[in-house]
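Participant: Could you work out the structure for the sequence below:
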Amino acid sequence: MIKKSHIWDEQMILSPSLICLDMMHLEDQIRQLEEAGVRMLHIDILDGHFSPSMPLGFETVRQLRRITTLPFECHVMADPPRYFIDELLNVGVQQITFHAETEPHVDGLLNYIHSAGVRAGIALKPFTPVSILEYEIEKCDCVLVMQINPGYASSKGESRVSFSDRKIRDLRNMINKRGLNTKIIIDGRVSLDNIKEYGKDIVDIFVGGTTCVDMKDIPGSVAKIMKLRNQILNQL
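Facilitator: Next up, the predicted model:
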């Protein structure tokens, strides 16, 4: 694994998803997130095939890289992912997760990302079992667990899958039993209840979407999350 530093050593990190921001006012809203105390940004890169959406292009990500020093942790939802990963490496990001379901050579791609000095990990769709990580978990700086099915975020009635809790806890048990420092990221319908439930010692990074970060009141909604985070950390 890539050597840990600064933000990666912290607990209960909020990583707001850029695709949930107002695309017409990205810079302004990123400034609001910075001022509210956010220290990391989640960037979803989609190819329109893995998930029928392409909200962020590479040129936008390049321009955003110039206006903020916040770490970019990127979730590549593409089939195949290699081209998109190369583009992100050229942009200058700090962490990349790609889907095990779309990459035939998972071990090789983890090695490739690490060779560029970037943190690397695997993302899992809801129905993909944790057991798929059996021989790769030691090489993962992080594992991203999707709580909803990709491509269905805007569908009415699409909620967090019923087995999400069991999957997250199974992953935490796997990591703890092997004595690893692999970070768990949860993504999709992340709520304040999720943060209360998993913030103490289970999940490391919470991808903040519209369920917990109100884009019409970024300062107020982020303040609520930070207050909850401090309350939980003070109990440790």
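
Participant: contacting residues around the closest residue to residue 102 other than its chain neighbours?
Facilitator: Excluding the flanking residues, the one nearest residue 102 by CB to CB, 6 or more residues apart in numbering is residue 79, at 4.0 Å. Any C-beta I mention is one placed from the backbone N, CA and C, and that applies to glycine too. Residue 79 sits next to 47, 49-50, 99, 102 when contact means CB atoms under 8 Å, 6 or more residues apart in numbering.

Participant: Just among those, which is most surrounded?
Facilitator: Neighbour counts for the contacts of residue 79, by other CB atoms under 10 Å, peak at residue 99, which reaches 23 neighbours.

Participant: How confident was the prediction at the spatially closest residue to it that is not a sequence neighbour?
Facilitator: In space, residue 99 comes closest to residue 123 once its chain neighbours are excluded; the distance is 4.9 Å by CB to CB, 6+ apart. pLDDT, residue 123: 98.

Participant: packing partners for the helix or strand harbouring residue 226?
Facilitator: In this assignment (DSSP states H and E), residue 226 forms part of helix 218-235. Judged by 3 or more CB pairs under 8 Å, 6 or more residues apart in numbering; DSSP states H and E, the packing partners of helix 218-235 are strand 13-16, helix 26-35, helix 192-198.

Participant: In contact with the residue nearest to residue 99, which residues?
Facilitator: Contacts of residue 123 (CB under 8 Å, 6+ apart): 75-77, 97-100, 143-146, 187.

Participant: Between the residues you listed, which sits nearest residue 166?
Facilitator: Lowest distance from residue 166 to these (CB to CB) belongs to residue 145, with 11.0 Å.

Participant: A strand includes the closest one, no?
Facilitator: Yes - assessed by DSSP: H, G, I helix; E, B strand; the rest coil, residue 145 belongs to a strand.

Participant: Quick check: nearest residue in space to it, chain neighbours excluded?
Facilitator: Once flanking residues are discounted, residue 145 sits nearest to residue 186: 5.3 Å by CB to CB, 6+ apart.

Participant: Identify the bridge partners of the closest residue to residue 140 other than its chain neighbours.
Facilitator: Closest residue to residue 140 apart from its sequence neighbours, by CB to CB, 6+ apart: residue 121 at 4.6 Å. Note on residue 121: beta-bridge partners residue 97, residue 142, judged by DSSP bridges.

Participant: and the spatially most distant residue from the centre of the chain, what pLDDT?
Facilitator: Within the chain, residue 235 marks the point farthest from the mean C-alpha position, 25.1 Å out by CA atoms, centre = their mean. At residue 235, the model reports a pLDDT of 87.

Participant: from what I can see it touches residue 199, true?
Facilitator: No - using CB atoms under 8 Å, residue 235 is not in contact with residue 199, being 9.9 Å away.

Participant: Stretch 164-176: which residues count as buried?
Facilitator: 164, 167-168, 171-172, 174-175 (16 or more other CB atoms under 10 Å).

Participant: So what touches it?
Facilitator: 124, 126, 129-130, 133, 137, 143, 145, 147, 182, 184, 186, 197-198, 201-203.
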